[in-house]
Each structure stands twice: as structure tokens, then as C-alpha cells.
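**Q** Build me a model from this:
(one chain, ligands or ions: 1)
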Amino acid sequence: METIRLEKKGGIALITLDRPKQRNAINERMLHELQEICRKINGQKDVRCVVVTGSKEGKAFAAGADIAAMENMTYQQANAFARLGCEAFHMVEQLEQPVIAAVNGYALGGGMELALACDIRIADESAVFGLPETTLGVMPGFGGTVRLKELIGYGRAAELIFTGKKLGAQEAAACGLVNACFGKDAFEERVMELAQNLCANAPLGIRNAKKSMKRHDYETENMYFAQLFLTNDQKRGMRSFNRKEKTEYFSGE
Ligand code: CO8
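**A** Next up, the predicted model:
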């Protein structure tokens with residue numbers, strides 16, 4: 001791949017956005033590659049957790065959609081580009097495995113929208129968040145308006161989107177945009193620790209909880225909940241608890 005690196009670390013799939021000269025800005029190619037990766041890892045049994053991050057050389061998570069590529073887009077081209085971005089981020093959001101955005105540096109515009117499509121956001125202290133699109137004459141186009149409003153509420157989302165103002169990692173944590181923020185030295189270790197934690201829990205339980213949370217409807221929650229009682233992991237997990245033992249391994253069956 002040209003713009004993304006995919007590595008496997010135990011049960012963790014590490015996706016690194018890698019266009020360092022452009023601060024890892026997102027272009028069409030990157031969106032296609034992201035889709036390809038999602039198709040490849042979705043539901044793959046030996047991938048229990050996904051981490052998305054930006055290349056260190058790029059000094060960013062991603063500084064947005066590629067502004068050079070967008071400058072002269074026609075209506076049709078912009079429409080197609082926004083659609084591609086929405087579809088790619090939807091695929092990230094819909095991955096069966098939990099997805100952590102490890103935000104190391106700038107997460108602006110489309111970069112922040114990608115972080116919003118992940119389940120959990122962890123920032124290092126240098127992270128900067130913002131949707132500056134209205135300062136460029138456009139608006140968020142990769143699903144950010146919907147996801148940000150859901151995450152931090154309409155009023156705060158409206159302020160961030162209408163002003164285009166940027167938030168540091170601490171501010172982002174304070175308003176619930178990120179789950180936690182860590183100093184540079186601890187950041188990678190804490191992200192991997194969290195990922196390992198998620199790897200150890202029942203994959204089908206996480207998968208169904210995720211699907212249920214995305215649906216906002218109790219009937220669906222009920223269905224996905226009950227479905228887990230057809231699995232060995234449910235039996236294993238509850239049996240261990242009742243015997244005051246620790247479940248050593250969830251097999252995903
Ligand atoms: N696109 C393309 N190139 C970029 C981008 C970007 N988003 N961001 C940075 N770069 C490039 C710069 O042009 C520069 O290139 P060069 O070395 O050739 O001059 C290189 O990366 C390094 O950038 P800087 O010199 O600016 O680095 P700094 O450390 O001084 O600043 C910033 C880093 C603050 C991240 C700064 O580069 C910046 O403000 N970037 C733009 C951020 C932004 O506005 N992002 C939003 C873009 S719009 C968007 O994401 C819309 C999503 C929805 C799309 C819908 C489809 C139609």
C-alpha cells in the first residue's frame with residue numbers, strides 16, 4: 001500500500017496513516033486503501049482490536065482531507081470524494097472489532113472525522129483537534145457533523161464546527177471528545193495496554209454490544225444480547241465468574 005501501513009501485533013491490527021510530507025492528509029488513494037484494509041480485517045478471528053494512528057514522521061494523526069487535491073474540485077468531484085470518505089469511515093465504524101484512535105498530533109478536519117468514526121479516542125498531550133472546514137469555505141463532509149453532535153452534544157458541536165476553533169488534548173478530554181490523554185512517554189504503552197485489555201474480552205460480546213450501541217434501539221439490544229447465549233464464550237465467562245475463577249481465554253465462538 002502507498003498511503004497506509006498495516007501491521008499485526010498479537011491480536012491487534014495497527015493501521016498507520018502514512019503520508020508524512022502532507023501531515024498524513026487524507027486523499028482518495030488513502031480512502032480506497034482504508035476500505036481495502038477494513039474488508040480484509042473485518043471479523044477476522046485473529047484480530048481482536050484495531051488501532052488507528054498517524055505516522056510519527058507526519059507529526060500528525062491526520063491534518064484533514066487533502067486540501068491541494070480539493071482546491072479545484074467540481075461539484076461532482078467533491079460529491080464523489082465526500083461520498084467515498086463517508087463510506088470508508090462508515091466501514092471503520094462498522095468493523096466488528098473495537099477500534100481505538102490513537103491520536104498523536106493534529107486531528108483536523110477529515111482527520112478528526114476519522115477519529116470520530118472510531119469507538120474510543122486516546123490522545124497524546126500534543127494532540128490538537130478541530131473541524132476547521134468552515135474556515136476554508138466548506139463544512140465537515142466525512143460524517144463529522146453527525147458523529148460529533150452524538151458524541152459531545154449539539155451545542156458544543158455547533159460551536160466547534162461553526163467557529164473552526166481548535167482544542168488541545170486536555171480540553172478535548174474535558175468535553176468528552178477523547179476518553180483520555182497521556183504524556184508522550186506513556187502514550188503508546190497506554191494505548192497498547194487498552195488494546196490488550198479489549199483483546200482479552202469476549203469478541204462476540206464486544207461485537208454485539210457495539211452493534212447494539214450503534215442502533216439506539218432496545219429491541220435490537222435485546223436480540224443481540226440473547227444471541228450471545230448461543231455462544232461458548234458466554235458459558236465460559238459466566239461459569240468462571242460463578243466459580244470465582246478468571247476466564248483465561250475467550251475463543252470467539
Ligand atoms: N492537505 C494537504 N496538505 C496538507 C494538509 C492538508 N490538509 N495539511 C498540511 N499539509 C501539508 C502542507 O501544505 C505542507 O506542505 P509543504 O511542505 O509542501 O508546504 C506540509 O503538509 C506541512 O504542513 P505545514 O507546513 O502547514 O505544517 P505546520 O506544522 O506548520 O502546520 C497544520 C500543521 C496546523 C496541521 C497545518 O498544516 C494546517 O493547518 N493544515 C490544514 C488543516 C485543515 O484545515 N484541515 C481541514 C481540511 S478540510 C477537510 O478535512 C474536509 C473534510 C471533508 C471533505 C469533504 C470532501 C469534499
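
**Q** just checking, residue 57 touches residue 22?
**A** No: Residue 57 lies out of contact with residue 22 (C-beta atoms under 8 Å); the separation is 11.1 Å. Every C-beta, even on glycine, is put in place using the N, C-alpha and C of the backbone.

**Q** which of those two has more neighbours?
**A** Between residue 57 and residue 22, counted using other C-beta atoms under 10 Å, the more crowded position is residue 22 (19 against 12).

**Q** Beyond the host helix or strand of residue 129, next helix or strand please.
**A** Using DSSP states H and E, residue 129 sits within strand 128-130. Elements were assigned by DSSP H and E; along the chain past strand 128-130, the next helix or strand is helix 144-152.

**Q** now whatever helix or strand comes next after that following helix against helix 144-152, angle please.
**A** Going down the chain from helix 144-152, the next helix or strand is helix 154-163, by DSSP H and E. For helix 154-163 against helix 144-152, the angle by axes from the mean of the first three to the mean of the last three C-alpha atoms, to 10 degrees is 140 degrees.

**Q** Run through who's touching helix 154-163.
**A** 130-131, 133-134, 139-140, 144-145, 148-149, 151-152, 165, 167, 175 (C-beta atoms under 8 Å, 6 or more residues apart in numbering).

**Q** just these that are near the ligand?
**A** 133, 140 (C-beta under 6 Å from any ligand atom).

**Q** out of the contacts of helix 154-163, what pair is the most spread apart?
**A** Spatial extent of these (C-beta to C-beta) is set by the pair 139 and 175 at 20.2 Å.

**Q** Now residue 53: phi and psi?
**A** Residue 53 adopts backbone torsions of phi -150, psi 180, taken as degrees, to the nearest 10.

**Q** For this structure, which residues are neighbours of the ligand?
**A** 22-23, 25, 60, 63-68, 70, 78, 81-82, 85, 106, 108-110, 132-133, 136, 140-142.
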